[in-house]
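>>> A predicted structure for the sequence below; I have some questions about it.
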Amino acid sequence: MAELHYLDSPAGHRLAYRHTPAAANSGPGVLFCCGFQSDMNGDKALAIEALCAEQGRQFTRFDYMAHGQSSGDFADGTISQWRDDTLQVLDQVTSGPQLIVGSSMGGWIMLLAALARPERIHSLLGLAAAPDFTKRFVEDELNAEQRAALVANGYHDEPNCYDDSGVYRMYYKLIEDGTANNTLLETPLAINAPLRLLHAVDDADVPWQVGGRIIEQMTGSDGQLQLLKTGGHRLSDPASLALISATINSLLAQHS
């Protein structure tokens, strides 16, 4: 496992990351973007790290502000800030073209990073990608009373289906920034790099149709959505992890 390092963000927090430089393989690197309230130590990140280690390939994983081992107050977190964190890691830690893998919210961050740094993108792999989830959350999951309370209180607590004792606290600041400043799927999406999306039809958190909308809106022609019968939102079961590895290998083989 690569050593833990930190970057000082211009916003005042410290970003934790682990970076393995290329060994025998000088091809594209892989950068992993985790999901909302997740971190860089999840099953998918570690499986991809092991794959890259076998190939001697550059690999980078990191924690956004207020996630995992990075500092910061989660109440101050926004999609814009987490995009900027990703760009800082992309610019200051990685080298050369990158295959960015984005899980859930990380799929949104992945697309924003690709729009900001198209020259650095080799290809993209979204795992249950969740662009525009702040907009869908307010429109599809909250009633009028809850929306009013969200604005008045500054947050809304949503039960965490992965932790019986926990909640997802959705801050109004996060929702406002995501919806007002980072909505992607209502206009053409200037993504021309090869894009692969994996999404389970039994995903209870992000509808698989979101993946279809990404493919529909991207301006490039090399986009594919693969639907899985099972795997849920996490896509961390052995079959899903094997498919993720195979898709990464396919992207690297076809486009290098």
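Yep, that arrived.

>>> Name the residue most distant from the centre of the chain?
Of all residues in the chain, the one whose C-alpha sits farthest from the chain's mean C-alpha position, using CA atoms, centre = their mean, is residue 145 at 30.6 Å.

>>> Show me the strands in the stretch 101-250 of the chain, by range?
If you assign secondary structure with DSSP state E, counting those that start in this stretch, the strands in the stretch 101-250 of the chain sit at 121-127, 155-159, 167-171, 195-200, 223-228.

>>> What pairs with the last one, parallel or antiparallel?
Sheet partners assigned to strand 223-228 using DSSP bridges are listed as strand 195-200 (parallel).

>>> Do me a favour and average the pLDDT over the strand it pairs with.
The predicted model assigns strand 195-200 a mean pLDDT of 98.

>>> Over to stretch 55-67?
Throughout stretch 55-67, pLDDT has a mean value of 97.

>>> now it, how far from the centre of its chain.
With CA atoms, centre = their mean, to the nearest Å as the basis, stretch 55-67 stands 11 Å off its chain's centre.

>>> hey, where'd the helices end up in this structure?
Listed in chain order, the helices of the chain (DSSP state H) span 43-55, 79-92, 105-116, 133-136, 144-153, 172-181, 209-217, 238-255.

>>> Residues touching the fifth one, excluding its own?
Contacts of helix 144-153 with the rest of the structure, by CB atoms under 8 Å, 6 or more residues apart in numbering, involve 138, 142, 156, 170, 172, 175. For the C-beta atoms, the positions are set from N, CA and C on the backbone; glycine is no exception.

>>> wait, isn't residue 96 in contact with residue 58?
Yes. The pair residue 96 and residue 58 passes the contact test of CB atoms under 8 Å, sitting 7.4 Å apart.
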